[in-house]
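Chemist: Any chance you can model this:
(2 chains)
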There are 2 protein chains.
Amino acid sequence: MRTSIGVGLIGMGVVGSGVARLIIEGSSTLRNQVGLPLNLNKVAVRDSRKQRSFPIGKNILGEEPEKLIKDDSVQIIVELMGGEHPALEFILGAVKNGKHVVTANKEVISKHGAEIFSLARENNVRVLFEASVGGGVPIISPLMRDLVANDVKSIKAIINGTTNYILTRMANEQVNYESVLSEAQTLGYAESDPTNDVEGIDAAYKLSILSTLAFRSSIKNTDIFTEGITNLTDKDFQYAEELGYSIKLLAIATRMESRVLGRVHPAMIPSGQMLAKVDDVLNAVEIETDLVDKVLFHGPGAGSLPTSSAVVADIVNIARTIAGGTDLLDPVRLTETVEVVSIDTLSTKYYFRLEAVDQPGVLARIATVFGDCGISISSFIQKGLGDKSTDAELVIMTHKANESSVTEAVSRLRKLDVVKMIGNVIRVVE
Amino acid sequence: MRTSIGVGLIGMGVVGSGVARLIIEGSSTLRNQVGLPLNLNKVAVRDSRKQRSFPIGKNILGEEPEKLIKDDSVQIIVELMGGEHPALEFILGAVKNGKHVVTANKEVISKHGAEIFSLARENNVRVLFEASVGGGVPIISPLMRDLVANDVKSIKAIINGTTNYILTRMANEQVNYESVLSEAQTLGYAESDPTNDVEGIDAAYKLSILSTLAFRSSIKNTDIFTEGITNLTDKDFQYAEELGYSIKLLAIATRMESRVLGRVHPAMIPSGQMLAKVDDVLNAVEIETDLVDKVLFHGPGAGSLPTSSAVVADIVNIARTIAGGTDLLDPVRLTETVEVVSIDTLSTKYYFRLEAVDQPGVLARIATVFGDCGISISSFIQKGLGDKSTDAELVIMTHKANESSVTEAVSRLRKLDVVKMIGNVIRVVE
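Modeler: Prediction:
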């Protein structure tokens, strides 16, 4: 009979150190919750001689994850190195060796989830990944367990803290994107290469994971339409406020019968909505289903302690099943097949900001383009651009229109000589 | 080897019918999620001849829960009859017979949880009760599983839909309590005897359950200070709005080292806070911990479908462990001992609304009472009560003060001849 459960940790960055600390310092609480002691038996890092904020005994520290994933003293492998390769290979290797796996790796789960889940079932082990979405906010487990009886209709989420911080500051202080980004980098809220965050790639990884679980069908990051925040200007925030909207980078997946549309893009949402009030680095996920209507989960989406909380919860949940002597199968069961459809199928309201020559007849020519594309205008603001300019700024809000019609309208507007610039086109989400 | 899992249902009211429908109509989804078919094998109701919205085959319908809890065709008993007795006896009986139990019964879990959990461990079965708090909002499972590595500092919740509906209408329409209550009764949001809801008893049941899990120590409904909403008037809502607050019936539990204070009472909360925006029959639970700071769960706290969603999730979770061949122990482990302290230990800000004679020197006498009790005043509003009155209305906001000092001040104010009435005293929660 087993008298303890061994954990092996790959990666000792910010989250890895937090997890190691929780396992070691919280050992009595965790032992109570599991029923058996949980021991950190092996740790693999890139450079074992590096000084660390949280020191790990030399006897368990090594540099060979390849060995760690085969180690007999370890039943649960915790992968916290991040990135696609070789993390994927270590996860697959661990599963093949009959080890349970806990990971925070959104890229690997987004791109290779279906393969991993299926291999885990064959090998009768569990792969859990609560920390891959929403940091410390429980969302994966509620989706898989608590909402198991529900048919999910849609997911609407703010799941990238970096961009939410930038957008919150742009909204509150009417400052421009570049200066907020550089401050966010100084504060450690944005990486030196911010591409993954600001282009919506990170949010698309996370949305694909949530969608896969919600719709029980493999949906990859490449299935998600992705548009970042880099085109937003302080003007868009001024108009949004004037019109009663907030601008957020939303990750949305909607199911219509067997078709799913997944999209990440800046969106205008009515400022009275709960999601509009999710500020700074916080995350929120709203799930709409047939049974519970809408439930919302809100909290810190990143950081060492919140993310460690999610990782350790997964470790404890696996440890409990080991302690219970079970061979419980991986609960990820992708039993359905949905068709992923293109953003062209979207029908929603749109915000347009244009600069055009300020002379008679111009509005008529612009309105004609909208009319010809079958887009109905719901409101319209025109402002001068200052004394010296002969141009005007136009903000047009449309009724519901098709994305493909909007693409066509943008292309026609670009060809009008009286249109100087298309400042931005932002989808409205109500 | 087991080829199916049998469910026995006690009670076919609003929630019971919803659960029966989900098990029967959703059987293929549930079978996929469990790995084995889930069959509704027995149902016990008070009157089996009654016409029902959802018909149940005569062969499985009976009137003897005493038999059902021993039935060999049933592994999971779902108790949805409500009330303390005989529901408690059926739950205990089922557990003694080696049956797993799912219940939505907040009263039984609040009053007898510790006994039930301990008996469940002895008998190696699980008792789950997600639907007892927050209806369709996952909150019990996230607390027990996802936040397992956390030390909870506080719980702050809106967990009674009836009172939240009444308070929302009073705030939005400045109407009085009695007329909103009677409308709520007509709409079915309040029962004909609303005592359990409007006196905070229902919220105290739920808070005691959340506190027990959060602090891992048995905390009963009688350990919770409980004050209802019946003293609130439209004037309180007018002043709250003027001062930038919302009034909500909050359920709060706070841990200070090994001491816990649990309380349910109307509270003024700054209107910018997320909890202030939880309106109508919706529920929200905010949990503050050492690791994740604050996470918030928000959604429908009652209703047939949301509550059925929670019940079926519990059934599936137990069914998965049965299908996995495990003898997983009940995860409720009350491993700590906390001391429940009285509301007298509270220190917070207070709102006072008084009517007093409108003449020189009165304010000085009132202020002297506050001063003598060691309560510092932070702001003060005085309004006439109309042409014919010689009295004035005073609203006093205090700095942080002790509950016991406030009790003393109230008693002294009552004795002042110039004070005509103490309209209300409301605790402020920031």
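Chemist: Pretty sure residue A:157 sits in a helix.
Modeler: No - using DSSP: H, G, I helix; E, B strand; the rest coil, the secondary structure at residue A:157 is strand, not a helix.
Chemist: quick one: it from chain B, how far?
Modeler: 14 Å (CB to the nearest CB, to the nearest Å). C-beta: built from backbone N, CA, C; applies to glycine.
Chemist: ok now the longest helix seen in chain A, how far from the chain's centre?
Modeler: Taking DSSP state H as the criterion, chain A has its longest helix at helix A:304-323. Relative to the mean C-alpha coordinate of its chain, helix A:304-323 is positioned 21 Å out (CA atoms, centre = their mean, to the nearest Å).
Chemist: so after that helix, what's the next helix or strand?
Modeler: strand A:339-340 (DSSP states H and E).
Chemist: Show the model's pLDDT score for residue A:325.
Modeler: The predicted structure scores residue A:325 at 66 on the pLDDT scale.
Chemist: The one 5 residues further on too?
Modeler: The score at residue A:330 is 48. That number is its pLDDT.
Chemist: do residue A:28 as well
Modeler: pLDDT at residue A:28 comes out at 89.
Chemist: hang on, it in a strand?
Modeler: No - judged by three-state DSSP, residue A:28 forms no part of a strand; its state is helix.
Chemist: returning to what we had before: tell me what the longest helix of chain A is packed against?
Modeler: In terms of contacts (3 or more CB pairs under 8 Å, 6 or more residues apart in numbering or on different chains; DSSP states H and E), helix A:304-323 is packed against strand A:5-10, helix A:14-25, helix A:27-34, strand A:38-44, strand A:76-79, strand A:100-103, strand A:127-128.
Chemist: between those, which gets nearest to residue B:232?
Modeler: helix A:27-34 (40.8 Å; CB to CB).
Chemist: Against which helices or strands is that closest one packed?
Modeler: For helix A:27-34, the packing partners by 3+ CB pairs under 8 Å, 6+ apart are strand A:38-44, helix A:304-323.
Chemist: make it 6 Å
Modeler: Helix A:27-34 is packed against helix A:304-323, with contacts defined by 3 or more CB pairs under 6 Å, 6 or more residues apart in numbering or on different chains; DSSP states H and E.
Chemist: ranges for the helices of the stretch 151-300 of chain A?
Modeler: With helices called from DSSP state H, counting those that start in this stretch, the stretch 151-300 of chain A shows them at A:161-173, A:177-187, A:195-198, A:201-215, A:234-243.
Chemist: Chain A against chain B: which residues are in contact?
Modeler: Chain A comes close to chain B at residues A:22, A:32-33, A:136-138, A:141-142, A:145-146, A:148-150, A:291-293, A:295-296, A:298-300, A:305-306, A:309, A:312-313, A:316-317, A:324, A:326, A:328, A:333, A:335, as judged by CB under 6 Å from any CB of the partner chain.
Chemist: List only buried entries from the residues you listed.
Modeler: Buried members of these, counted by 16 or more other CB atoms under 10 Å in any protein chain shown: A:22, A:33, A:136-138, A:141-142, A:145-146, A:148-150, A:291-293, A:295-296, A:298-300, A:305-306, A:309, A:312-313, A:316-317, A:324, A:326, A:328, A:333.
Chemist: Would you mind measuring the gap between the ends of stretch A:355-367?
Modeler: 14 Å (CA to CA, to the nearest Å).
Chemist: Give the buried residues for it.
Modeler: Quick answer for stretch A:355-367 (16+ other CB under 10 Å): A:355-358, A:362-363, A:366.
Chemist: Low-confidence regions, chain A specifically.
Modeler: A:1, A:325-331 (pLDDT under 70).
Chemist: And it, what are its domain boundaries?
Modeler: Here the domain parsing of chain A from automatic domain parsing is A:5-136+A:304-323, A:140-298, A:346-428.
Chemist: How far does the shortest one sit from its chain's centre?
Modeler: Relative to the mean C-alpha coordinate of its chain, domain A:346-428 is positioned 31 Å out (CA atoms, centre = their mean).
Chemist: same question, stretch A:2-21
Modeler: With CA atoms, centre = their mean, you get 24 Å for stretch A:2-21.
Chemist: Alpha carbons only: can I get that stretch in PDB?
Modeler: Output of stretch A:2-21 as PDB, limited to C-alpha atoms (Å, rounded to 0.1, in the frame of the first residue of the first chain):
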ATOM      1  CA  ARG A   2       1.200   3.400  -1.000                       C
ATOM      2  CA  THR A   3       2.400   5.600   1.900                       C
ATOM      3  CA  SER A   4       3.200   8.800   0.100                       C
ATOM      4  CA  ILE A   5       2.800  10.500  -3.300                       C
ATOM      5  CA  GLY A   6       5.800  11.800  -5.200                       C
ATOM      6  CA  VAL A   7       5.700  14.900  -7.300                       C
ATOM      7  CA  GLY A   8       8.300  15.800 -10.000                       C
ATOM      8  CA  LEU A   9       8.600  19.400 -11.100                       C
ATOM      9  CA  ILE A  10      10.000  20.600 -14.500                       C
ATOM     10  CA  GLY A  11      10.800  24.300 -14.500                       C
ATOM     11  CA  MET A  12      11.600  26.600 -11.500                       C
ATOM     12  CA  GLY A  13      10.500  30.000 -12.800                       C
ATOM     13  CA  VAL A  14       8.100  32.300 -11.100                       C
ATOM     14  CA  VAL A  15       5.300  29.700 -11.000                       C
ATOM     15  CA  GLY A  16       7.500  26.700 -10.400                       C
ATOM     16  CA  SER A  17       9.100  28.300  -7.400                       C
ATOM     17  CA  GLY A  18       5.600  29.200  -6.000                       C
ATOM     18  CA  VAL A  19       4.500  25.600  -6.500                       C
ATOM     19  CA  ALA A  20       7.600  24.100  -4.800                       C
ATOM     20  CA  ARG A  21       7.100  26.500  -1.900                       C
END
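Chemist: Touching that stretch from outside, list them.
Modeler: A:36-45, A:53-54, A:65, A:68, A:71, A:73-81, A:304-305, A:307-308, A:311, A:319, A:322 (CB atoms under 6 Å, 6 or more residues apart in numbering or on different chains).
Chemist: What subset of these is buried?
Modeler: A:36, A:38-45, A:65, A:68, A:71, A:74-81, A:304-305, A:307-308, A:311, A:319, A:322.
Chemist: closest to residue A:278 out of the helices of the stretch 151-300 of chain A?
Modeler: That would be, of these and by CB to CB, helix A:161-173, which comes in at 6.8 Å.
Chemist: Alpha carbons of the closest one, in PDB - could you do that?
Modeler: Output of helix A:161-173 as PDB, limited to C-alpha atoms (Å, rounded to 0.1, in the frame of the first residue of the first chain):
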ATOM      1  CA  GLY A 161      -4.200  40.400 -18.200                       C
ATOM      2  CA  THR A 162      -1.500  42.300 -20.100                       C
ATOM      3  CA  THR A 163      -3.900  43.700 -22.700                       C
ATOM      4  CA  ASN A 164      -6.700  44.400 -20.100                       C
ATOM      5  CA  TYR A 165      -4.200  46.400 -18.100                       C
ATOM      6  CA  ILE A 166      -3.200  48.400 -21.200                       C
ATOM      7  CA  LEU A 167      -6.900  49.000 -22.200                       C
ATOM      8  CA  THR A 168      -7.900  50.000 -18.700                       C
ATOM      9  CA  ARG A 169      -5.200  52.600 -18.600                       C
ATOM     10  CA  MET A 170      -6.000  53.900 -22.100                       C
ATOM     11  CA  ALA A 171      -9.600  54.200 -21.100                       C
ATOM     12  CA  ASN A 172      -9.000  55.900 -17.700                       C
ATOM     13  CA  GLU A 173      -6.200  58.200 -18.700                       C
END
